[in-house]
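[1] Here is the input, now give the coordinates:
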Amino acid sequence: MVTSAAPSGESSDRPTIRIQFAQPAVDADSVGKTLDRPPALLEPGLPIEGYWVDRQTLALVPLSDLAPSTRYKVVLSGDLARRTEDFSFDFVHRPLVVEGVWGVDVKALPRRPKLPIHFNQAVNPLDVLEHCKLRNDTGTDIALVLHSSKSQGRKVVVGPDAELDQGKRYQVICSRLSGSKGPEPLAQPFHLAVATHRSAGVDSVLPGGQDVPTDELKIVIGFYTPVDADQARQHISAVPPITGLDRGSFDPTGTKYSVVVNLDTKQSYKLKIRAGLRDRYGQTVAKDYVHSFRTGEARPRFDMETGIYALETSAGGYPVWTRNLGHFDVDCAAVPKDKIVKLLTTSMNYD
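    Next comes the predicted model:
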């Protein structure tokens, strides 16, 4: 009985094929010796040599290179065939794999995208056009045209034969495609979700409402498409003016502009993103976008100097600064005279 059978080291074009038996199949003297006549065939018609790794494991090694994307069959012969009820198995050497679509933002494609499809082995570009396609969200297939073939046929750049709709989702699909050196097709169809980018515009602005905090307020402006910081700073303004509004930055996607500012209390503000702002795709915002909000009372606040502070007996007190704070408590502790030097020379955290 055979318990397992498979090639190993498939990165090699001459992989070792191991067949494991449930019980010892030869005596110990046969282990490790090259067999005059291997008890197996490798179809279609390839010469092999064989040896026993141990009493239960037969190893077969092709004497010529196997072709990628090609199915081979191993058939036991002679006494081993009789003892295993004519056992055989097949495998595909280096099956074709679509590794992916790299080098473009598949979630924000232009309407005439160039899609670099990468494979683990060479493919015929014309076969890619026949067996790969774009499918829109209604199930309609869009034919592809060839732009280039690179890396000895392992990278094929294709694109749709018509302009895609803006802000829509699509699927890149490849099926029944074979490598250029073998007839065996993809084991499973390849699917990749992609989308075209939206028109330039403002998605959202925060904060909003009638009671917005005033201190260290974070303003976030979201765009549909990536925008450069210089463009944002030139086209974003506020009435009344907000100090520091132009000192913000974008997140890694280039779609969220954030800035931290301090505002006046009980003040109405209007943020404007002016028409003409250009995104990284060369599109411009078609019309002004205005967002309004109003601040409330400032948050309660307490400030004071920290550290060692000498207070003269004639001083009117120790100065502190408060805002919207009705009262506060003070805890004091007397320091004995013989401990003052130690206190002043010891490392302390005054915060």
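[2] Quickly find the element holding the residue located most distally from the centre of the chain.
    What lies farthest from the middle of the chain is S314; by C-alpha atoms, centre = their mean that is 67.2 Å. Using DSSP states H and E, S314 maps to neither a helix nor a strand.
[3] So for it, what's the pLDDT?
    Listed pLDDT for S314 reads 78.
[4] how about the strands in the stretch 151-300 of the chain?
    155-160, 169-174, 190-195, 202-206, 209-212, 217-223, 236-239, 249-250, 256-261, 268-273, 289-295 (DSSP state E, counting those that start in this stretch).
[5] tell me the most buried of the ones you listed?
    strand 155-160 (a mean of 21; mean count of other C-beta atoms under 10 Å). To be clear about C-beta, it is placed using only N, CA and C from the backbone, and glycine gets the same treatment.
[6] Parallel or antiparallel, list what pairs with it.
    Counting by DSSP bridges, the strands paired with strand 155-160 are strand 115-119 (antiparallel), strand 144-150 (antiparallel).
[7] Single out the most deeply packed of the ones you listed.
    strand 115-119 (a mean of 20).
[8] so that strand versus strand 169-174, what angle?
    Relative orientation of strand 115-119 and strand 169-174, computed by axes from the mean of the first three to the mean of the last three C-alpha atoms, to 10 degrees: 40 degrees.
[9] elements contacting the following helix or strand past strand 115-119?
    Later in the chain than strand 115-119, the nearest helix or strand by DSSP H and E is helix 125-131. Secondary-structure packing of helix 125-131 (3 or more C-beta pairs under 8 Å, 6 or more residues apart in numbering; DSSP states H and E): strand 144-150, strand 155-160.
[10] In TSV: these, plus mean pLDDT and distance to R71.
    Output for those, formatted as TSV (pLDDT from 0 to 100; distance: least, C-beta to C-beta, whole Å):
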stretch	mean pLDDT	distance to R71
strand 144-150	95	25
strand 155-160	97	24
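[11] related to what we said a few turns ago, go through the strands paired with strand 155-160 and name the closest to P62.
    strand 115-119 (23.6 Å; C-beta to C-beta).
[12] Report the mean per-residue pLDDT for that closest one.
    97.
[13] Output that strand as CSV, nothing but the C-alphas.
    Listed in CSV are the C-alpha atoms of strand 115-119, where the atom choice follows Å, rounded to 0.1, in the frame of the first residue of the first chain:
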residue,chain,number,x,y,z
LEU,A,115,-2.2,46.6,-15.9
PRO,A,116,1.2,44.8,-15.4
ILE,A,117,0.2,41.1,-14.8
HIS,A,118,3.0,39.1,-13.3
PHE,A,119,3.4,35.3,-13.7
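[14] Tally up the residues packed near A122, please.
    When neighbours are counted by other C-beta atoms under 10 Å, A122 registers 19.
[15] excluding its backbone neighbours, what's nearest it?
    Nearest in space to A122, with sequence neighbours left out and distances taken as C-beta to C-beta, 6 or more residues apart in numbering, is G153 at 3.5 Å.
[16] Tell me which residues touch the one you found, please.
    Contacts for G153 (C-beta atoms under 8 Å, 6 or more residues apart in numbering) come out as F119, A122, V123, N124, P125, S180.
[17] What of T265?
    Contacts of T265 (C-beta under 8 Å, 6+ apart): T214, T295, G296, E297, A298.
[18] Pull out the buried members of the residues you listed.
    T214, T295, A298 (16 or more other C-beta atoms under 10 Å).
[19] out of the residues you listed, who's nearest F328?
    Among the buried ones among the contacts of T265, and counting by C-beta to C-beta, the member closest to F328 is A298, at 16.3 Å.
[20] I'd like the distance between R94 and D27.
    36 Å (C-beta to C-beta, to the nearest Å).
[21] Looking at these two, which one has more neighbours?
    Taking neighbours as other C-beta under 10 Å, R94 and D27 compare with R94 leading, 22 against 9.
[22] I'd like the distance between the residue nearest to E43 when sequence neighbours are not counted and A81.
    With C-beta to C-beta, 6+ apart as the criterion, E43 has its nearest non-adjacent residue at 4.4 Å, and that residue is K73. Using C-beta to C-beta, K73 is found at 13 Å from A81.
[23] Compare the two and say which is more crowded by neighbours.
    Neighbour count, other C-beta under 10 Å: between K73 and A81, A81 has more, with 16 against 12.
[24] Correct me if wrong: that one contacts F87.
    Yes. Contact criterion C-beta atoms under 8 Å: A81 and F87 qualify, at 6.9 Å.
[25] before we move on, the earlier item: how about the helices and strands packed on helix 125-131 in CSV, adding distance to V104?
    Putting the helices and strands packed on helix 125-131 into CSV (distance: least, C-beta to C-beta, whole Å) gives the following:
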stretch, distance to V104
strand 144-150, 12
strand 155-160, 10
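[26] so which of these gets nearest V61?
    That would be strand 155-160 among the helices and strands packed on helix 125-131, by C-beta to C-beta, at 32.4 Å.
[27] send the alpha carbons of the closest one over as PDB?
    Only the C-alpha atoms of strand 155-160 are listed here, as PDB (Å, rounded to 0.1, in the frame of the first residue of the first chain):
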ATOM      1  CA  LYS A 155       5.300  40.300 -17.100                       C
ATOM      2  CA  VAL A 156       2.600  41.200 -19.600                       C
ATOM      3  CA  VAL A 157       1.200  44.700 -19.500                       C
ATOM      4  CA  VAL A 158      -2.400  45.000 -20.800                       C
ATOM      5  CA  GLY A 159      -5.200  47.500 -20.700                       C
ATOM      6  CA  PRO A 160      -8.900  47.800 -21.600                       C
END
